[in-house]
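> Dropping the sequence and predicted coords here.
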Amino acid sequence: MKKYEIEINNEVYRVSVKELSADADMSSGQSSQSVDAETPTSTEPSAQPAATGDGEKIKAPMAGTILSVNVSPGQNVTKGDTLIILEAMKMENEIVAPADGVVGEIFVNPNDRVESDQVLLTI
């Protein structure tokens with residue numbers, strides 16, 4: 001088994017992957033769902049998303065320029081709502097709410113340059 005660490009939406013997951021032989025029959029309807037995934041670990045002290053405005057830091061996934069800030073402090077947001085549009089490598093990237101909550105402090109404005117992992121706002 002090989003172990004890997006995968007980051008999805010700023011959540012880090014540790015997974016184990018087993019290589020199957022070429023003659024392994026995956027079409028029989030039986031799926032070997034032996035997923036050895038650990039609980040997500042986060043680079044933040046709090047591994048659980050803040051759902052009530054506890055101050056979860058939303059960070060830039062990459063360096064770029066803020067095109068728009070679509071929320072304001074005190075605004076209720078739902079998981080998946082677009083918070084900020086970040087332009088990086090000539091692509092528009094939506095920064096979305098990882099959980100339901102209330103927007104706390106916003107640290108960026110349109111046209112600001114940001115670095116990877118820079119805090120953009122809190123929820």
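Done, it's in. Numbers count the residues shown, from 1 in each chain.

> Tell me where the model's unsure across the chain.
In the predicted model, the chain carries pLDDT under 70 at residues 22-54.

> Break the chain down into its structural domains.
2-37, 57-122 (automatic domain parsing).

> Turn those domains into JSON lines, columns for mean neighbour count.
All C-beta atoms are positioned from the backbone trio N, CA, C, and that covers glycine. Formatted as JSON lines, the domains of the chain follow (neighbours: other C-beta atoms under 10 Å):
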{"stretch": "domain 2-37", "mean neighbour count": "10"}
{"stretch": "domain 57-122", "mean neighbour count": "15"}
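
> State the distance from Arg113 to Val96.
Arg113 is 21 Å from Val96, where distance means C-beta to C-beta, to the nearest Å.

> Equivalent analysis for Lys3, please.
For Lys3, the distance to Val96 - C-beta to C-beta - is 29 Å.

> What segments of the protein are helices?
With DSSP state H, there are no helices along the chain.

> And the strands in it, which stretches?
2-8, 11-17, 36-37, 57-59, 64-69, 76-77, 82-88, 91-96, 101-102, 113-114, 119-122 (DSSP state E).

> Parallel or antiparallel, which strands does the first one pair with?
When you say that, I think you mean strand 2-8. Using DSSP bridges, strand 2-8 pairs in its sheet with strand 11-17 (antiparallel).

> Distance from the chain centre to the strand it pairs with, please.
Its chain's C-alpha centre and that of strand 11-17 lie 14 Å apart, by C-alpha atoms, centre = their mean, to the nearest Å.
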